[in-house]
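# generate coordinates for the sequence data below:
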Amino acid sequence: MNADTLPVWSGEHGAFTRLVIPIGARKWDLVSRGRNYELTVVGSDFDTREIFTRIDRTRLTAVSGEGTLYLTLGCHCQAFADTEDGNLIIDIREPAAITLPIVVEQRPVPLELPPMQQQIFAANIARAASAAFIDPLTDLKSAPNSAGITYQDAFGTRTDLEMDRTGCLPADALDVATWGTGEFQADMEDAISRMAEGFDSLNDDAREALARTYLYYGLPEEAESLATSPATRSIITALLTGHSSLTTQSSCGDIGHLWAAASGAQITDPAAIQRTFRSLPPDLRNALGDRLIVRLIAAQDLSATAAIIAMTPEPTKLAHARLALGLGDFSGAKSLLLAALDSEQAGEAFDLFFATKPQISVRDFEAIAAYAFTIRRAPEYGEKISQLAELASQSGLYAQAFDIAPDAALPDIVRTLVETADDAEFLTVALTIKDLPPPLQGLINERLHRMGFAAANEL
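Numbering: from 1, shown residues only. As a prediction, the model looks like this:
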């Protein structure tokens, strides 16, 4: 049986030299012979021609053999082997030095650090505490660094390293408009090809480039696991959650205003936001539009809201509904929100619809009930169906309200029926509902008696 020939890739990584061999599921063995090691992979030979094109001979001085690979080390090093994703990874490094403690019979001297190092030291302790790595004995909190961003941001990372003394990120750190050409296929192929250039490790620059390409095309979910810089990760968080540490960038120029607003900061310069938004690629404007519209509505700037909607290539029905509500067009807003129940924003549309407490028709009720049916297994179903039942009763749709009302909503619906229904409506419903709890049935019977009828169970 012929042996498979496996390529041996190599790379320098500062503190260690790495060899990577794609072995799949083959069995392997690495044996130490002093400074030399012998590697065997069952049923395989090795192609070592490219090893020393990527590394020098400081740690690994020679490689030989075919069926068995002989590694000759040139330092007081050790070779550590493990497998990952079908690759055998051998790291050649110096063993970690072990320092024994020196015991002295004297009181410890307090550690004296320069003020800046004290701040960094305290902030690092606070980061570890906030991540539950340590349990400090004192109530230690991290102070904002010179950029005004604390160490407990969304990613638990130090972001001050990328900032100048004013706390502003470099313009290119947030300038998403420059991260693509508008040719999706070409941009993606270029970014992915960079990811494939390193054989033995993931290149952080390549990962960052691919993440930025995804963001240019409004795809934060795809970028989330790739981004390596804190600024890019904060953009992703802003797009996915509407909150991030970029709130501090509101005084850092037009781009800073936009990302600060998208991250939840109070809007101070709507014109700057509009200028930057206009320069963004279309897909990103679609992804970001709703987020900015919410902030601008909260700031009661309806003119800027309308401008953002006009610059969004595919504005959502929910965006138009928010503007309609801001302008006092409740009828138009209601129609838009009902239409949005068929979109990915159905949950937000439902909540906004009920926040306005509109009167609904039978047709409206049927549309909302159809949406509620699609989430009947979701935890929020009980609350939403109660809201719908109460709104239906307040709109005079008593029979529909009783059809769907859970037990928790019955008291309000019965009281609404007794207090607001005209006699004909009340009789029609009161004589058809059954199995009400005694206190609620008592409310029904009291009104029947006032109308000159016997109790419902006696009719």
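# and the strands in this protein, which stretches?
Applying DSSP state E to the chain gives strands spanning 4-7, 9-12, 16-22, 28-33, 36-41, 44-47, 60-64, 68-73, 78-84, 87-93.
# so which of the ones you listed is nearest residue 405?
Judged by CB to CB, the one of the strands of the chain that comes nearest to residue 405 is strand 78-84, at 56.2 Å. Every C-beta, even on glycine, is put in place using the N, C-alpha and C of the backbone.
# contacts for that closest one, please.
23, 28, 30, 32, 37, 39, 71, 73, 88-95 (CB atoms under 8 Å, 6 or more residues apart in numbering).
# would you mark the buried spots in it?
Buried residues in strand 78-84, defined by neighbour count with 16 or more other CB atoms under 10 Å: residue 79.
# what pairs with that strand, and is each one parallel or antiparallel?
According to DSSP bridges, strand 78-84 forms sheet pairs with strand 87-93 (antiparallel).
# relative to strand 36-41, how tilted is the partner strand?
180 degrees (axes from the mean of the first three to the mean of the last three CA atoms, to 10 degrees).
# and strand 87-93 with strand 28-33, angle?
Using the same axes, to 10 degrees: strand 87-93 against strand 28-33 is 20 degrees.
# relative to residue 416, which of the strands of the chain is closest?
Nearest of the strands of the chain (CB to CB): strand 78-84, 63.7 Å.
# pLDDT of that closest one, averaged?
For strand 78-84, the mean per-residue pLDDT is 85.
# now do it and strand 60-64, the angle between them.
Taking the same axes, to 10 degrees, one finds strand 78-84 and strand 60-64 inclined to each other by 60 degrees.
# off-centre distance for strand 78-84?
Strand 78-84 sits 34 Å away from the centroid of its parent chain (CA atoms, centre = their mean, to the nearest Å).
# one step back: just send the strands of the chain back as CSV, with distance to residue 295 too.
Listed next are these as CSV, based on distance: least, CB to CB, whole Å:
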stretch, distance to residue 295
strand 4-7, 53
strand 9-12, 46
strand 16-22, 47
strand 28-33, 57
strand 36-41, 58
strand 44-47, 58
strand 60-64, 57
strand 68-73, 60
strand 78-84, 44
strand 87-93, 47
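# so which of these is nearest residue 191?
Minimum separation from residue 191 across the strands of the chain (CB to CB) falls at strand 9-12, 21.3 Å.
# which neighbours in the sheet does that closest one have, and how are they oriented?
With DSSP bridges as the test, strand 9-12 pairs up with strand 16-22 (antiparallel).
# go through the strand it pairs with and flag the buried ones.
Per 16+ other CB under 10 Å, strand 16-22 contains these buried residues: 16-21.
# now do stretch 294-309
Neighbour-count burial for stretch 294-309 [16+ other CB under 10 Å]: 294-297, 301, 304-309.
# now, which of those sits nearest residue 408?
Nearest to residue 408 out of the buried residues of stretch 294-309 is residue 294 (CB to CB; 30.5 Å).
# distance of the closest residue to the closest one other than its chain neighbours relative to residue 364?
Spatially, and ignoring its direct neighbours in sequence, residue 294 is nearest to residue 322 (7.0 Å; CB to CB, 6 or more residues apart in numbering). Residue 322 sits 19 Å away from residue 364 when distances are taken as CB to CB, to the nearest Å.
# now swap in residue 41 and tell me
Using CB to CB, residue 41 is found at 69 Å from residue 364.
# may I ask which of the contacts of strand 78-84 has the most neighbours?
Per-residue neighbour counts (other CB atoms under 10 Å) across the contacts of strand 78-84 peak at residue 71, which has 26 neighbours.
# distance check, the nearest residue to that residue once chain neighbours are set aside against residue 72.
Once flanking residues are discounted, residue 71 sits nearest to residue 37: 4.4 Å by CB to CB, 6+ apart. Here residue 37 is placed at a distance of 8 Å from residue 72 (CB to CB).
# kindly report the same for residue 185.
47 Å.
# higher neighbour count, these two?
Remark: of residue 185 and residue 72, residue 72 carries more neighbours, 14 against 7, as counted by other CB under 10 Å.
# so residue 365 touches residue 397, yeah?
Yes. Taking contacts as CB atoms under 8 Å, residue 365 lies within contact range of residue 397: 5.7 Å.
# quick one: pLDDT of residue 447?
88.
# which residue sits closest to it, ignoring its sequence neighbours?
Distances taken as CB to CB, 6+ apart place residue 418 nearest to residue 447, at 5.1 Å, with adjacent residues excluded.
# residue contacts, that neighbour?
426, 443-444, 446-447.
# what about the chain, any weak spots by pLDDT?
Within the chain, the stretches falling below the threshold (pLDDT under 70) are 1-2, 95-166, 196-202, 455-459.
# grab the nearest non-local neighbour of the residue nearest the centre of it.
The chain has residue 240 as the residue nearest its centroid, 4.6 Å off, counting by CA atoms, centre = their mean. Excluding the flanking residues, the one nearest residue 240 by CB to CB, 6+ apart is residue 220, at 5.3 Å.
# hang on, the one you found packs against residue 236?
Yes. At 4.7 Å, residue 220 counts as touching residue 236 under the criterion of CB under 8 Å.
# quick one, which of these two is more surrounded?
Using other CB under 10 Å as the criterion, residue 220 and residue 236 rank with residue 236 on top: 24 against 20.
# the more buried one: what's it in contact with?
By CB under 8 Å, 6+ apart, the contact set of residue 236 is 211, 215, 220, 223-224, 227.
# swap the cut-off to 10 Å and go again
154-155, 211, 214-215, 219-227, 244 (CB atoms under 10 Å, 6 or more residues apart in numbering).
# now list the buried members of the residues you listed.
Listed as buried from those are 154, 211, 214-215, 219-220, 223-224, 226-227, 244; burial here means 16+ other CB under 10 Å.
# need those residues in JSON lines with distance to residue 195, can you?
Output for those, formatted as JSON lines (distance: CB to CB, whole Å):
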{"residue": "154", "distance to residue 195": "25"}
{"residue": "211", "distance to residue 195": "11"}
{"residue": "214", "distance to residue 195": "12"}
{"residue": "215", "distance to residue 195": "16"}
{"residue": "219", "distance to residue 195": "16"}
{"residue": "220", "distance to residue 195": "18"}
{"residue": "223", "distance to residue 195": "13"}
{"residue": "224", "distance to residue 195": "16"}
{"residue": "226", "distance to residue 195": "9"}
{"residue": "227", "distance to residue 195": "13"}
{"residue": "244", "distance to residue 195": "25"}
